[in-house]
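> Sequence isn't available, so here's the structure alone:
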C-alpha cells in the first residue's frame, strides 16, 4: 500500500485547482506567479516532512508535532472557505504556521527558503513568507487526516514517508533545495526509500556474523600472535650481534671522517601569490555582454573577492540587475533578472549563504550618458 501512495498527488488534489488563484488574490500576486511559487513550495514542504519522519523515531516526533498543533483537518473540505476569514481562515493559519510550524520544519533555513521562493517565482518576499506560513499547516493538517483515516502509527507512517523519494524527485526545484542546504534534489532525498529496512537488516546480519565468529577469530589471532613473537625472538637473537657491530662502525665514521662544508645555496626568495582580488568596495559591479546572461571570464575575480568580503564580515547584500528602456522592456527586465540570478548563483557557489542575499527587481538606466550602454548591462551587489 505504501509504495503506491503518492503524497504529492494526494496533497495537490486536497488543495484543489483554485488554490493558487485564491492564494494569489489573498497575497496580492498574479495567479501565474502564485502557481509557480506553489509548484516549487509544495514538494519542498513534503520533502522536509519526509526527511523528518522517514524513521520510526522521526515519525513519532512528527506525530507529536501534528497532534499538538491544534490543526483543523475539517478545513481541507472547504479550501475556498479558508480565504473568507474567520477564526479558521487563512490569516489564522498563517499565524499558526509562522509561530511554530515553519521553524519546526525548516529551522534556520526558513529565511533562505523564502528568498529562494521569491526569486524563483517572482512574488514579493513578504508574499513568499506568507505563502510558506499558509501552506505548511495545510500540509500538516492533510497528513494528520491521512494518519487518522488509515490508522497509521509511527512505524507505518515512517514506511509511507520513506517511500516518497521517487515521486518527489522530479518535482523539486533545485533552487529551493539549494536554499535548504543541499547541493541538488537527489542529495535532499538521498537514501530515504530504503533507509529503515536496509539499515536494520544489515545490522542484524552484521551482529550475527560477529557473534558467530568472535570466539574462533580470537583464538586464531592469539595463536598467530604467539607464533609471531616466538619467531621474532629467534630472528633477533641471530642478527643482534651484527646490528650492534654496524651501529659501532656508523658512530666511528660520523666522528672520524673528514668534514666537508655543505654546498651553499642561494636563499629562496618568497614569492607573493598573484592577487586575483578585484574587490574595491560596495557596490560591486559585474558587467555582461550585450544580450547575454552568461558571466564573462573576468567576472569571476570580482565575484570571488566580493564573496570573500561578504563571508568575512557576515554581511547581507542586495543583488540588482539593470536594464534600459530601449526595445522590448519586458525582455530587457527578464534579461536583467537572469543576470542577477547568475550573480547570485555564483556567490552561493563561492560559499555565501543564500539567506544572506536578497534579490531585488531590475532597475532602469536612462540612456544618453556615455556609459549608458555598459551600465544597462550590469548587476550591482550592494551592502544592506
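Done, it's in. Only a predicted model underlies this, so the values are computations on that prediction, with no experimental measurement involved.

> CA only for contacts and neighbour counts going forward, please
Fine.

> those helices in the stretch 201-350 of the chain, which residues are they?
Using DSSP state H, counting those that start in this stretch, the helices of the stretch 201-350 of the chain run over residues 299-313, 329-349.

> What helices and strands are in contact with the last one?
Contacting helix 329-349 under the criterion 3 or more Cα pairs under 8 Å, 6 or more residues apart in numbering; DSSP states H and E are the following elements: helix 299-313, strand 317-324, strand 357-365, strand 378-383.

> Indicate which one of these is closest to residue 7.
When the helices and strands packed on helix 329-349 are compared by Cα to Cα, strand 357-365 sits nearest residue 7, at 31.9 Å.

> give me the low-pLDDT residue ranges for the stretch 101-250 of the chain?
191-241 (pLDDT under 70).

> Just the pLDDT for residue 276.
Per-residue confidence (pLDDT) for residue 276: 35.

> Between the two ends of stretch 310-329, how far is it?
32 Å (Cα to Cα, to the nearest Å).

> among the helices and strands packed on helix 329-349, which is the most enclosed?
strand 317-324 (a mean of 23; mean count of other Cα atoms under 10 Å).

> Would you confirm that residue 374 contacts residue 286?
No: taking contacts as Cα atoms under 8 Å, residue 374 lies outside contact range of residue 286: 10.2 Å.

> more neighbours, those two?
residue 286 (23 against 15; other Cα atoms under 10 Å).

> Any idea what the more buried one is bridged to?
residue 379 (DSSP bridges).

> Next up, the contacts around it.
Residue 286 makes contact with 299, 302, 303, 343, 378, 379, 380, according to Cα atoms under 8 Å, 6 or more residues apart in numbering.

> where's the third one relative to residue 82, distance?
When you say that, I think you mean residue 303. Residue 303 is 45 Å from residue 82, by Cα to Cα.

> Can you name the element that comes right after the helix or strand in which residue 13 is found?
Residue 13 is part of helix 7-15, with elements assigned from DSSP states H and E. Under the assignment DSSP H and E, the closest C-terminal helix or strand after helix 7-15 is helix 19-27.

> For that next one, enumerate the helices and strands it packs against.
Other helices and strands packing on helix 19-27, by 3+ Cα pairs under 8 Å, 6+ apart, are helix 31-53, helix 79-82, helix 125-150.

> Switch the ones you listed over to CSV; also include distance to residue 96.
Below are the helices and strands packed on helix 19-27 laid out as CSV (distance: least, Cα to Cα, whole Å):
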stretch, distance to residue 96
helix 31-53, 16
helix 79-82, 14
helix 125-150, 7
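
> Rebuild those as TSV, extending it with distance to residue 365 and mean neighbour count.
Compiled in TSV, those are given as follows (distance: least, Cα to Cα, whole Å; neighbours: other Cα atoms under 10 Å):
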stretch	distance to residue 365	mean neighbour count
helix 31-53	26	21
helix 79-82	43	18
helix 125-150	24	20
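
> can I get the helices and strands packed on helix 329-349 in CSV with distance to residue 60 and mean pLDDT?
Shown next, in CSV, are the helices and strands packed on helix 329-349 (distance: least, Cα to Cα, whole Å; pLDDT from 0 to 100):
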stretch, distance to residue 60, mean pLDDT
helix 299-313, 38, 92
strand 317-324, 40, 92
strand 357-365, 36, 90
strand 378-383, 44, 93
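
> So for this structure, the centremost residue is which one?
For the chain, residue 181 is the residue whose C-alpha lies nearest the centre (Cα atoms, centre = their mean; 1.8 Å).

> What is the burial count for the closest residue to it other than its chain neighbours?
Counting by Cα to Cα, 6 or more residues apart in numbering, residue 109 is the residue found nearest to residue 181 once chain neighbours are left out, at 7.7 Å. By other Cα under 10 Å, 17 other residues sit near residue 109.

> next one: the one 10 residues further on
Residues contacting residue 119 under the criterion other Cα under 10 Å number 23.

> Hmm, residue 359 and it touching each other?
Yes: counting by Cα under 8 Å, residue 359 is a contact partner of residue 119 at 6.2 Å.

> Start and end of stretch 348-356, how far apart?
Termini of stretch 348-356 sit 9 Å apart (Cα to Cα).

> Quick check: buried residues in that stretch?
For stretch 348-356, burial by neighbour count (16 or more other Cα atoms under 10 Å) applies to 348, 350, 352, 353, 354, 355, 356.

> tally of neighbours for the closest residue to the last one other than its chain neighbours?
Pointing back at residue 356 there. Closest residue to residue 356 apart from its sequence neighbours, by Cα to Cα, 6+ apart: residue 316 at 4.5 Å. Residue 316 has 18 neighbours, counted by other Cα under 10 Å.

> Return the set of residues that bridge with residue 322.
residue 363.

> Looks like it contacts residue 364 (just checking).
Yes: Residue 322 is in contact with residue 364 according to Cα under 8 Å; the separation is 5.8 Å.
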